[in-house]
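**Q** Below is the sequence, then the predicted model.
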Amino acid sequence: MVSFLVRRAATLAVTLLVVSVLAFLIPYAGEGDPARKILRARVNDPALDPAQVEALTEELGLDRPLWQQYLDWLSNAITGDFGYSYTSRTPVEELVIPALGVSISLALAALLLALVFALPLGTWAATARGGKVDNAITFVSQSSVSAPEYWVGPVLILIFARYLGWLPSGGWDGPAYIIMPAVALALRPLGYFTQVTRAAMSDVLSSPYFTAARSRGLSYPQTLTRHGLRNSMLPVMTLFSFWFAGLLGGSVVIEVIFNIPGMGRLLYTAVLNNDVPVIQGAMMWILTLAVVINTATDLLYGVLNPSIRVASHA
Amino acid sequence: MPDTLTKPSPPPQRPTSLRSAQPHRPNVLSMLLRGARGRSRTFNVGVVMLVTILVILLLTPWLAPYDPATQDLTNRLAGPSSEHWLGTDHLGRDVLSRLMWGGRFSVTIAAITLVICAVTGIVIGALAARRGGWLDELVMRTVDVLICFPDVVIALFLIAIFGTGYGTLIAALTITGWTPFARLMRGLALEINAKEYVEAAEILGSPKAYIVFRHLIPNAIRPVLAMGFLRFGHKLITVGALSYLGLGVQPPDSDWGAMLLDAQPYMERAPFLGLLPGFAIFVTALSVTMIGQGIDIKKTRRKRAQAPEPPPGVQTQLNVGEAL
């Protein structure tokens, strides 16, 4: 277990180091002098004053060796200080933290919604394996997996906001605003969750301990919930955290469509505006969280599943 | 007599041909060509859908009724008619023709990315399994990390550095996309390498290439193919997402995602316009998903019947969540 922990921690550290180097290098990539690029992004004026360029190079220490600049940047980044946004002139962390909160609530809402439907559907399909119900549920999950959220989202807006007027078409101002984006985001994970639940549940249903429990006199629903759900939860939870990590920055499209001030939209607008400190800050936060969440899941999985624990000793 | 020796558990079907003497040899070509008999209905429907789509896209230069770029500003946002079957867009361009030409971009980019991902992943995964040791450790840790990075974020990252373009697009989708293939291939290679017949072949002094082509590839190809089909839908959707954000396919080229973006302001006046490209992505993604699962389901059944339990931590089957 200890070597497992050490290995995962080392992986985490190396990953973050590599990502930080890449994030740091963003303004240096491509042609041209970084000072010029920064100025251009700041003032949005192609004609630059050479004196200004000089002053900025001096100010940011851009004439120093690259590794010195990197260490400087990194020591600030570790404390969460990524500098100021070029466009809004606010500290990056003041943009990132609220956006992160928004993205977390959106992702949780979507994934819980998916889970609430996926667990019963997957179980149902597993118990009716090979039958009409199973085929129907499989088809629904395949369809939901194939539905692009940037198609579902606008369709939902059209129906529920424009025609019916039940829900707001965009923005982020209360519970009503979370419904449509959450539904649109939930569709694809819903399909995956359903299929994983079905697969795990089928395994359980054909396992000896299931038969044993049944023969001990437990009713079918009892056996399903006590043995079935508990054993099939593990793969579903892994997938849940996988999606959770992915949606923290990956729900760009939905956030843009529904005008939600989340992480994805923050990164997207920063890329469009070439707002380097925000790109760096958002990147580091998103990827760090993704790696941390997944490492934590792996550890949890190891704790919950003895066979992995044993394997890690070998 | 020797026939019984090489057949430990005689499969009842196809008893005559020499090839069936080895139980673990699915032949992909014959599998695809032998017709629909004995295959799941989903698989068949998926194949019919995909083939139809591909034929239409291939024949687009001859089938498309109009030039996709010809504007007719007097006839903007028109509904379906006998002249324009699916109506016209905000610049009076024929929607059907644009759908067909756009699909060529969407599908081609997704396919190119997928092939690059698959080949990279397969080679790296097989190498990791073969060499073991630090290389295996390095590869698997890298996979662990990259697999959890959201690909749209990676794409935004690369676009921030290199700007938009087909190269950036394909690179961005490849960085994270090879990982599931590598993980699958590593598991398969470990499993196949441990088989008695591979050991036997090695003892008999068969060259490595023989083992690779005779045992590794035939045994690995079905799950890898399933994975490929399943990932294709994902790729198609991601390419569309980036185009929808204006960061994928750039004008004057246009794909389904870019068409959705164009249609956005006119959703109320011409809902058709915004529904069709998304529907095209949906149907294409659905067809490959159905095919992929058709292949996968058959394989899983086979595995359950014949294979012993794999060692823990080694993936020999598709991990549904990641593959899909």
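**A** All right, it came through fine. Numbers count the residues shown, from 1 in each chain, chains lettered A, B, ... in the order given.
**Q** Now do the buried residues in the longest helix anywhere in chain A.
**A** Residue-count comparison of every helix in chain A, with assignments taken from DSSP state H, identifies helix A:92-127 as the longest. Using 16 or more other Cβ atoms under 10 Å in any protein chain shown as the burial criterion, the residues of helix A:92-127 that qualify are A:92-93, A:95-96, A:99-100, A:102-104, A:106-107, A:109-111, A:113-115, A:118-119, A:121-127. (Each C-beta comes from the backbone N, C-alpha and C, glycine too.)
**Q** now for that helix, which elements pack on it?
**A** Using 3 or more Cβ pairs under 8 Å, 6 or more residues apart in numbering or on different chains; DSSP states H and E as the contact criterion, the elements in contact with helix A:92-127 are helix A:132-146, helix A:176-205, helix A:230-250, helix A:252-257, helix A:263-273, helix A:276-304.
**Q** and among those, the most buried is which?
**A** For these, average neighbour numbers computed from mean count of other Cβ atoms under 10 Å in any protein chain shown are highest in helix A:252-257, which has a mean of 26.
**Q** contacting residues around that helix?
**A** With contacts defined as Cβ atoms under 8 Å, 6 or more residues apart in numbering or on different chains, helix A:252-257 is touched by A:103, A:106, A:149-150, A:153-154, A:157, A:170, A:181, A:184-185, A:260-265, A:267-268, B:152-153, B:156, B:241, B:244-245.
**Q** how close does the closest residue to A:Asp275 other than its chain neighbours get to A:Leu56?
**A** Excluding its sequence neighbours, the residue lying closest to A:Asp275 (Cβ to Cβ, 6 or more residues apart in numbering or on different chains) is A:Tyr86, at 4.8 Å. As for A:Tyr86, its distance to A:Leu56 is 12 Å (criterion: Cβ to Cβ, to the nearest Å).
**Q** so what sits against both of those two?
**A** Taking Cβ under 8 Å, 6+ apart as the contact criterion, the common neighbours of A:Tyr86 and A:Leu56 are A:Ile38.
**Q** pLDDT score for the residue in the stretch 101-250 of chain B positioned nearest to chain A?
**A** The shortest separation between the stretch 101-250 of chain B and chain A is 3.1 Å, found at B:Pro150 (distances taken as Cβ to the nearest Cβ). The confidence metric pLDDT takes the value 85 at B:Pro150.
**Q** Just to check, it is in contact with A:Gly250?
**A** Yes - counting by Cβ atoms under 8 Å, B:Pro150 touches A:Gly250, with 3.1 Å between them.
**Q** which residues sit in contact with whichever residue of the stretch 51-200 of chain A sits closest to chain B?
**A** Scanning the stretch 51-200 of chain A for proximity to chain B using Cβ to the nearest Cβ identifies A:Trp151 as nearest, at 2.7 Å. Contact partners of A:Trp151, counting by Cβ under 8 Å, 6+ apart, are B:Leu260, B:Leu275, B:Pro277, B:Gly278, B:Phe279, B:Ile281, B:Phe282.
**Q** now, among the residues you listed, which is nearest to A:Ala213?
**A** A:Ala213 has its nearest neighbour among the contacts of A:Trp151 in B:Phe282, at 41.3 Å by Cβ to Cβ.
**Q** quick one: the closest one from A:Ile157, how far?
**A** 17 Å.
**Q** distance of B:Arg222 from B:Gly228?
**A** B:Arg222 sits at a distance of 11 Å from B:Gly228 (criterion: Cβ to Cβ).
**Q** Which one's more surrounded, the two?
**A** Summary of the neighbour comparison: B:Arg222 and B:Gly228, criterion other Cβ atoms under 10 Å in any protein chain shown, with B:Gly228 having more neighbours (24 against 19).
**Q** Can you pull the residues of the stretch 101-250 of chain B lying near chain A?
**A** Where proximity means Cβ under 8 Å from any Cβ of the partner chain, the interface of the stretch 101-250 of chain B facing chain A comprises B:141, B:144-145, B:148-153, B:156-157, B:159-163, B:233, B:237, B:240-241, B:244-245, B:247.
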